[in-house]
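*Asks:* fold the following, please.
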Amino acid sequence: MTEYETLECITEHERILQEIESTDTACVGPTLRSIYDDQPNAHKRFMEKLDARIRNHDREIEKMCNFHHQGFVDAITELLKVRADAEKLMGQVTDTNRRLQDAGREVTAQTEEVIRCRVQQRNMATTVEKLQLCIPVLEMYSKLKEQLESKR
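*Replies:* Numbering: from 1, shown residues only. Have a look, this model is predicted:
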C-alpha cells in the first residue's frame with residue numbers, strides 16, 4: 001500500500017468518524033458497511049482510528065471535568081453556607097409567624113368585643129327611639145291618672 005493510499009484511507013476514516021458523530025443512529029449502518037467494503041484490513045485501521053478518537057474524547061471529557069471540578073466544589077460549599085442561612089431565616093420566619101398569629105388572635109378578640117359593643121349601642125339607640133315614641137302616650141296616661149285622682 002502506498003503512502004498516498006494510506007493518507008486517503010485515513011482521510012476517509014476521518015470523514016466516516018465525523019459522519020457517525022453527526023448523524024442519527026438510523027444512518028450508521030450504511031456508513032459502517034462502507035468501511036468493510038473498501039479495502040482489506042481497512043476495518044482494523046478504522047478501529048485503531050476509532051480507538052484514538054475515543055481516547056481523544058476521553059481526554060477532553062477529563063479536561064472539562066477537571067476544569068469545572070473546582071467550580072462545582074465552590075458551588076457546593078456556597079450551598080452549604082446558604083443552607084445554614086436558610087435554616088436561620090426559616091427559624092426567624094417561624095418565630096415571626098407565631099408572633100403574628102398571637103397578635104392576630106388578640107386583634108380578633110378585640111374586634112369581636114368592638115362588634116359586641118356596637119351591637120349593644122345599636123340596641124340601646126333603638127330602645128331609646130322606641131321609648132321616645134312612647135313618651136306622649138305615657139304623658140297622656142300620667143294626665144289621665146291625675147284627672148282620675150282629682151275626679152274630673
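*Asks:* report the longest helix in the chain, please.
*Replies:* When the chain is scanned for its longest helix (criterion: DSSP state H), the result is helix 42-149.
*Asks:* for that helix, packing partners?
*Replies:* Taking 3 or more C-beta pairs under 8 Å, 6 or more residues apart in numbering; DSSP states H and E as the contact definition, the neighbouring helices and strands of helix 42-149 are helix 3-22, helix 28-38. Yep, even glycine has a C-beta here, placed from its N, CA and C like the rest.
*Asks:* mean pLDDT for those: which is lowest?
*Replies:* Mean pLDDT values for the helices and strands packed on helix 42-149 show the minimum at helix 28-38, a mean of 61.
*Asks:* where are the low-confidence patches of this structure?
*Replies:* Confidence mapping of the chain against pLDDT under 70 gives the ranges 1-10, 12-13, 16-17, 19-43.
*Asks:* repeat the analysis, applying 90 as the threshold.
*Replies:* Counting by pLDDT under 90, the chain contains low-confidence residues at 1-54, 56-57, 61-73, 75, 80-81, 84, 138, 149-152.
*Asks:* now do the residue nearest the centre of it against residue 79, distance only.
*Replies:* In the chain, the residue lying closest to the centroid (C-alpha atoms, centre = their mean) is residue 86, at 15.3 Å. Between residue 86 and residue 79 the distance, using C-beta to C-beta, to the nearest Å, works out to 10 Å.
*Asks:* what's the answer for residue 45, then?
*Replies:* 49 Å.
*Asks:* compare those two (neighbour count), which wins?
*Replies:* With neighbours defined as other C-beta atoms under 10 Å, residue 45 and residue 79 compare such that residue 45 has more, 18 against 11.
*Asks:* distance of the more buried one from residue 51?
*Replies:* Distance from residue 45 to residue 51, by C-beta to C-beta: 11 Å.
*Asks:* cool, and residue 136?
*Replies:* Counting by C-beta to C-beta, the gap from residue 136 to residue 51 is 119 Å.
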